[in-house]
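Chemist: Everything below, folded, please.
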Amino acid sequence: QVQLVESGGGLVQAGGSLKLSCAASGRPFSLYHMGWFRQSPGKEREFVGGITKSGGSIYYADSVKGRFTISRDNAKNTVFLQMNSLKPEDTAVYYCAASNYLSGSVYSTSYDYWGQGTQVTVSS
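Modeler: Residues are numbered from 1 along each chain as shown. The predicted structure is shown next:
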């Protein structure tokens, strides 16, 4: 199995940027498709984007397309979420997740391992 730890969250003004990292340990990171999700109070966990094992394909939710960028560095066992042009509605706890088999799935149940989350707050 793999252990995931997110970092990089914080408070930022609308229009600003943050870069989240998710560091993996355990089984080889390159075995997993990775996803980013977010959850705000009272709402269901929402797919933000995903990246395949090799990084060859990347998927985004419509709500973040053009503003967020996902990348991974398999040599450093890390996946990244670069968030630009942040909006107050992007405020949420952001989670990374790993899937053994499915890439780009928008369903949280498709992912086998989860990090603890990192809070992102965007002020207006």
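
Chemist: Apart from its chain neighbours, what residue comes closest to the residue nearest to the spatial centre of the chain?
Modeler: The centre of the chain sits closest to residue 36, judged by C-alpha atoms, centre = their mean, with a distance of 2.4 Å. Of all residues not flanking residue 36 in the chain, residue 48 sits nearest, at 4.2 Å (C-beta to C-beta, 6 or more residues apart in numbering). (Each C-beta comes from the backbone N, C-alpha and C, glycine too.)

Chemist: same for the strand or helix carrying residue 95, what does it pack against?
Modeler: Taking DSSP states H and E as the criterion, the element that holds residue 95 is strand 92-99. Other elements packing on strand 92-99 under the criterion 3 or more C-beta pairs under 8 Å, 6 or more residues apart in numbering; DSSP states H and E are strand 2-7, strand 18-26, strand 33-39, strand 78-83, strand 113-114, strand 118-123.

Chemist: and the longest one, which strands flank it?
Modeler: When sheet partners are counted by DSSP bridges, strand 18-26 sits next to strand 2-7 (antiparallel), strand 78-83 (antiparallel).

Chemist: ok so, going back, which one of the helices and strands packed on strand 92-99 lies closest to residue 103?
Modeler: Between residue 103 and those, the shortest separation by C-beta to C-beta is 4.0 Å, and it involves strand 33-39.

Chemist: Output the contacting helices and strands for that closest one.
Modeler: By contact count (3+ C-beta pairs under 8 Å, 6+ apart), the secondary structure elements abutting strand 33-39 are strand 18-26, strand 46-51, strand 68-73, strand 78-83, strand 92-99.
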